[in-house]
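Trainee: How does the following fold in three dimensions:
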Amino acid sequence: MNTRQETYAAIKKMLATLDDPFTRLLEPEKFKSLRSGTQGALTGVGLSIGYPLALKGSPAGLSVMSAAPGGPAEKAGIVSGDVILAIDDTSAQDMDIYDAADRLQGPEGSSIDLTILSGADTRHVVLKRERYTLNPVRSRMCEIPGSEDSSKIGYIKLTTFNQNAAGSVKEAIKKLRENNVKAFVLDLRNNSGGLFPEGIEIAKIWMDKGVIVYICDSRGVRDIYEADGASTIAASEPLVVLVNKGTASASEILAGALKDNKRAVVYGEPTYGKGKIQSVFALSDGSGLAVTVARYETPAHTDIDKVGVTPDRPLPASFPTDEDGFCSCLRDPASCNLNAARLFARS
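Mentor: Numbering: from 1, shown residues only. The predicted structure is shown next:
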């Protein structure tokens, strides 16, 4: 082989025969971006993306969940609710969320062409990738009138599992408690995962005991992660978890643990179904190799690979995807067909 690109192409061709999309070669820029992303920084356009709501007449593409403050996308006027119809010349209609995230990242200073649907208007936007800091948590206190002691619910949106995730969740809980919240909602919709240890630590925040996940190989269970109460700060308040088909990997571990231990009521749709665990190895030329080394099972010994975590209950199709919409929904239940009492009901 005469060039590095020819070598990469040959390696990718060999890996494709494994029928495992998560065992893959990461070229140097992609590997660098992956490593910086888990450390809380990314090189890209500052978009958090997800699958659109399954509403009749909805455009085919990927939804913009949020744009990082000060990032290239926000500067270009891209906002939550916009739809990505194409990335460069590739339609996003049937694009996998992992593929889309991979395409959005790239070398600092490089350009990307997005076709964006904003309301009824379609436009083309050329963005330059920048390095930006990713805050994995957004939170909001929602006060619902209707009684002498108004109900206060803490909403926590967790967008990724980078090395700041567990600490950010703890900080959000503490701040919400200062406002005397009575219950929590943990929104994992369109969270495609990240660092496995952060998923374990966040489960321990909500659980004082119980199995979190079983790690398995061809011979059976090889390791068990459990909560022992040492890291628990929120084991008693009512908890609801929101999931969808964009909830993957570490998010599924967390949702499965909270569901199977009956710590939370899980709402939404079946999750992505990434039940395999990868180790990432650095190669001498700056590239990396992600290799599947094990699979996991939920505390109820459910193998969710290619199946996903099944929620306890569905969410109404009109249920909002952002924190402002969530609060508005609970204040005006008719707008989304779900009130706070039903949301937290155990049966």
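Trainee: And the closest residue to Ala282 other than its chain neighbours, how close does it get to Ile84?
Mentor: Nearest residue to Ala282, sequence neighbours excluded (CB to CB, 6 or more residues apart in numbering): Gly288, at 5.5 Å. For glycine as for every other residue, the C-beta is placed from the backbone atoms N, C-alpha and C. According to CB to CB, to the nearest Å, Gly288 and Ile84 sit 26 Å apart.
Trainee: With neighbour numbers in mind, choose between those two.
Mentor: For Gly288 versus Ile84, neighbours defined as other CB atoms under 10 Å are more numerous around Ile84 (25 against 20).
Trainee: I'd say that one and Val64 touch.
Mentor: Yes: with contacts counted by CB atoms under 8 Å, Ile84 reaches Val64, the gap being 6.6 Å.
Trainee: Could you pull up phi and psi at Lys75?
Mentor: phi -60, psi -30 (degrees, to the nearest 10).
Trainee: Tell me, how many residues neighbour it?
Mentor: Once other CB under 10 Å is used to define contacts, Lys75 is seen to have 15 neighbours.
Trainee: Return the distance of it relative to Val125.
Mentor: 10 Å.
Trainee: Show me the common contact partners of Ile84 and Val64, please.
Mentor: Common neighbours of Ile84 and Val64 (criterion: CB atoms under 8 Å, 6 or more residues apart in numbering): Leu47, Ile49, Ile116.
Trainee: out of the residues you listed, which one sits closest to Asn337?
Mentor: Distance to Asn337, by CB to CB, is smallest for Ile49 among those, at 25.8 Å.
Trainee: partners of the longest strand seen in the chain in the sheet?
Mentor: In the chain, taking DSSP state E as the definition, the longest strand is strand 288-297. According to DSSP bridges, strand 288-297 forms sheet pairs with strand 24-26 (antiparallel), strand 210-217 (antiparallel), strand 276-282 (antiparallel).
Trainee: The ones you listed into JSON lines, with extra columns for mean neighbour count and distance to Gln5?
Mentor: Putting the strands paired with strand 288-297 into JSON lines (neighbours: other CB atoms under 10 Å; distance: least, CB to CB, whole Å) gives the following:
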{"stretch": "strand 24-26", "mean neighbour count": "21", "distance to Gln5": "12"}
{"stretch": "strand 210-217", "mean neighbour count": "19", "distance to Gln5": "34"}
{"stretch": "strand 276-282", "mean neighbour count": "15", "distance to Gln5": "19"}
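Trainee: Centre-most residue in the protein?
Mentor: Nearest residue to the geometric centre of the chain (CA atoms, centre = their mean): Asn191, 0.5 Å.
Trainee: Just give me the neighbour total for the nearest residue in space to Pro107 that is not next to it in sequence.
Mentor: Excluding the flanking residues, the one nearest Pro107 by CB to CB, 6+ apart is Glu29, at 4.8 Å. Counted by other CB under 10 Å, the residues lying close to Glu29 total 17.
Trainee: what secondary structure does Glu29 sit in?
Mentor: What DSSP: H, G, I helix; E, B strand; the rest coil gives for Glu29 is helix.
Trainee: pretty sure it is touching Glu108, no?
Mentor: No: using CB under 8 Å, Glu29 is not in contact with Glu108; the gap is 9.0 Å.
Trainee: Against Ser192, how distant is the residue nearest to Ala282?
Mentor: 18 Å.
Trainee: where along this protein do the helices fall?
Mentor: 4-16, 28-38, 72-75, 97-104, 165-178, 196-206, 250-260, 323-331, 340-344 (DSSP state H).
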